[in-house]
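A.B. asks: Output the structure for:
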Amino acid sequence: MDIAASPPSQARPAELDTLLSSPDQYTPEAIAPLEAYVAAQVQNKQYDAAANKALAKLYQFTPSRCQDAVLAQVLAKALCARPAGDGYNLLYIVPEALIERSPLCKRLAEADALLEASKFDEFWKSARAEPSFESTCPGFEGQMRRGLLDLLSETFQAVPLDLLSTVLGCDAAQAAALAKAGGGPLAPSSGASASFKPNAQNQQRKEVVEKTVALTSLLKLYDPEEQIFEAAPATAE
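C.D. replies: Just a heads-up that it's a prediction; the model follows:
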């Protein structure tokens, strides 16, 4: 079962960096280099959300230039970036007609909603239907599993193996082997649970209780006629 390593930072080509920093990014001539860059991201298993969003905006304003296969790759890459809301944002940019005309793009959009609802069984079933998301974007399953593992590790210190297998779309034996071997956010463990390495999110935090007293509450205790400070009695000379 493939579990991707943490993705390296995307080294954007200088010419793309220049393009995305100029008004030329909004011209139809920018479509071809941005589409070529999507292909490079798929091949290198990297991801550039800003560049892909720029391409989606061009498809929005020039729908006749939209290539369904490239749009599907853009959506698949965004799906792997969850829990970031990249896929959600793209669906607001790309016209619904472009999503609906492509069965694969429509399935990717629906898969994003399945993940949001934590319907993992349905998600993996959809991902493996033909054409599979893996064939659209090689490395998809490994990247998806790594993202889901990272998300689990930020919430739990340990999870039951049956839950792990459901979330990762694998069988019980694969989940047990993964938990035993560890790696990534997983600590080697045995038994019926998989354990995660300690991180800033999954450790119990010391609760700090602050007690404050409103000024109005103090004023209610004050009687303006009461002598708070009494003069000291005079002493004989």
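A.B. asks: show me what contacts Lys197?
C.D. replies: Contact analysis of Lys197 by Cβ atoms under 8 Å, 6 or more residues apart in numbering lists 153, 185-187. Using the backbone N, CA and C atoms, a C-beta is placed for each residue, glycine as well.
A.B. asks: Give me the subset of those residues lying in helices.
C.D. replies: Of the positions in the contacts of Lys197, Ser153 sit in helices, assigned by DSSP state H.
A.B. asks: Which ones among the contacts of Lys197 map onto strands?
C.D. replies: Using DSSP state E, the members of the contacts of Lys197 that fall in strands are 186-187.
A.B. asks: Tell me the one among the contacts of Lys197 nearest to Gly169.
C.D. replies: Closest approach between the contacts of Lys197 and Gly169, by Cβ to Cβ: Leu186, at 16.1 Å.
A.B. asks: gap between the closest one and Cys80?
C.D. replies: When distance is defined by Cβ to Cβ, to the nearest Å, Leu186 is 19 Å away from Cys80.
A.B. asks: neighbour-wise, which of these two wins?
C.D. replies: The neighbour comparison of Leu186 against Cys80 (other Cβ atoms under 10 Å) goes to Cys80, with 25 against 21.
A.B. asks: domains of this protein?
C.D. replies: In terms of domains, the chain is parsed into 15-133, 139-201 (source: automatic domain parsing).
A.B. asks: Which among these is found nearest to Ala5?
C.D. replies: Within these, the stretch nearest Ala5 is domain 139-201; the backing value is 7.2 Å (Cβ to Cβ).
A.B. asks: now the end-to-end length of the closest one.
C.D. replies: 27 Å (Cα to Cα, to the nearest Å).
A.B. asks: Apart from its chain neighbours, what residue comes closest to the most centrally placed residue in the chain?
C.D. replies: Nearest to the geometric centre of the chain sits Pro83, at 1.8 Å (Cα atoms, centre = their mean). Leaving aside its sequence neighbours, Pro83 sits nearest to Leu151 (Cβ to Cβ, 6 or more residues apart in numbering; 5.7 Å).
A.B. asks: To which secondary structure element is that neighbour assigned?
C.D. replies: Element membership of Leu151, judged by DSSP states H and E, is helix 140-153.
A.B. asks: Can I get that helix as PDB, trimmed to CA atoms?
C.D. replies: Taking C-alpha atoms only, helix 140-153 is exported to PDB below (Å, rounded to 0.1, in the frame of the first residue of the first chain):
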ATOM      1  CA  PHE A 140      -3.200  10.200  -6.100                       C
ATOM      2  CA  GLU A 141      -3.900   7.400  -3.600                       C
ATOM      3  CA  GLY A 142      -0.500   7.600  -1.900                       C
ATOM      4  CA  GLN A 143      -0.800  11.400  -1.600                       C
ATOM      5  CA  MET A 144      -4.400  11.100  -0.400                       C
ATOM      6  CA  ARG A 145      -3.500   8.600   2.300                       C
ATOM      7  CA  ARG A 146      -0.600  10.800   3.500                       C
ATOM      8  CA  GLY A 147      -2.900  13.800   3.800                       C
ATOM      9  CA  LEU A 148      -5.500  11.800   5.700                       C
ATOM     10  CA  LEU A 149      -2.900  10.300   8.000                       C
ATOM     11  CA  ASP A 150      -1.600  13.800   8.800                       C
ATOM     12  CA  LEU A 151      -5.100  15.000   9.500                       C
ATOM     13  CA  LEU A 152      -5.800  12.100  11.900                       C
ATOM     14  CA  SER A 153      -2.500  12.700  13.700                       C
END
